[in-house]
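K.L.:
Just a sequence and a predicted model for now, questions to come.
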Amino acid sequence: MELNSRISISREKLADGGEIVHLQLDHPETRNSLTLEMGLAFHRELHALAGEFPLPRACVISGKNGVFSSGGDFQLLSSFAEKSPKDNQEFMQSFYRLFLSVRNMPFPVLAAVNGHAVGAALAVALACDLRYFVPDGKYSLNFVRIGIHPGMGSSFLVKEIAGLPRAQELLLTGRYFSGKEAFDMGLCHGLHPVEEIVPRVMDVAREIAAGAPLAVRLAKKSLYSSTDLETAIETESRFQAETYQTRDFREALKSIGEKRKPTFKDE
């Protein structure tokens, strides 16, 4: 099983020695559908990045072949009709986690959704930290329209991002909507033409990379771990205390006094 054929990776070296990684879903025969092979390759490459030192400053995810992803793979979906509920539940839990590992990465993950994204593919984009769509792209959480319960964490992710009313509407109808509608609903952070979306999202990744790396990583962690104000106070005080001890904090103080931009080294 050749896993690398499902994912393409490129890297941008930054002036201070950091890196931004661009990961592309790449399976032209299925329009980048979410097969098991794709999931295994995706998970493996992300966790390889998470094991690097120094860590990437950010990771941008997009699709090759003129689409982000067509969603659930038809052959894989068809196979579930012949298996037991127990087997299917065990498989789906493991399968979801292959793709939803974006949420647990120790660096920001940005989705440049450079084309249509349907069902599970849209849920993967929603799991990323920042999301950018194309105005005329077609998006849908169409699970009920193909006779199945919503999956890939979508019942949580839509509610987390856009609130219960939007989750009710989108999950219960399974309707299609444009990138502009998605932006108006708060599902994405911005809209860009398809030919510009990856470069523009890379610009956002560079903005993130200009911050102190540990501070950025801990900010991502606290965003998802704090469920109320008291928890946030405890988390923030702990993480701030950690960053006060870094060389990058001392460099920031020095740069303020010298009226220049800081040079962060993830130290």
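P.N.:
Structure received. Numbers count the residues shown, from 1 in each chain.
K.L.:
Residues in contact with stretch 183-190: which ones?
P.N.:
113, 126, 130-133, 139, 158, 161-163, 166, 177, 179, 182, 191, 200 (C-beta atoms under 8 Å, 6 or more residues apart in numbering). Where you see a C-beta, it was placed from the backbone N, CA and C, and this is true even at glycine.
K.L.:
Against residue 86, how distant is the residue nearest to the spatial centre of the chain?
P.N.:
When C-alpha atoms, centre = their mean is applied to the chain, the residue found nearest the centroid is residue 128 (2.2 Å). Plainly put, residue 128 is 31 Å away from residue 86 if you go by C-beta to C-beta, to the nearest Å.
K.L.:
got it, and residue 66?
P.N.:
For residue 66 relative to residue 86 (C-beta to C-beta), the value is 38 Å.
K.L.:
before we move on, what about residue 79?
P.N.:
With C-beta to C-beta as the criterion, residue 79 and residue 86 are 15 Å apart.
K.L.:
what does residue 241 give?
P.N.:
46 Å.
K.L.:
same question, residue 58
P.N.:
On the measure of C-beta to C-beta, residue 58 and residue 86 end up 39 Å apart.
K.L.:
Between the two, which has more neighbouring residues?
P.N.:
Per other C-beta atoms under 10 Å, whichever of residue 58 and residue 86 has more neighbours is residue 58, with 29 against 8.
K.L.:
Who is the more buried one paired with across the strands?
P.N.:
residue 20 (DSSP bridges).
K.L.:
hang on, the earlier thing: what are the bridge partners for the nearest residue to the residue nearest to the centre of the chain once chain neighbours are set aside, then?
P.N.:
Among residues not flanking residue 128 along the chain, residue 111 sits closest, at 4.0 Å (C-beta to C-beta, 6 or more residues apart in numbering). Legend: beta-bridge partners of residue 111 under DSSP bridges are residue 61, residue 131.
K.L.:
Looks like residue 111 contacts residue 134 (just checking).
P.N.:
No: taking contacts as C-beta atoms under 8 Å, residue 111 lies outside contact range of residue 134: 11.8 Å.
K.L.:
show me where this protein has strands.
P.N.:
Taking DSSP state E as the test, the strands found in the chain are 7-13, 19-25, 58-63, 109-113, 117-118, 130-133, 138-140, 176-178, 190-191.
K.L.:
low-confidence ranges in the stretch 151-267 of the chain?
P.N.:
The model of the stretch 151-267 of the chain has no residue with pLDDT under 70.
K.L.:
All good on my end, thank you.
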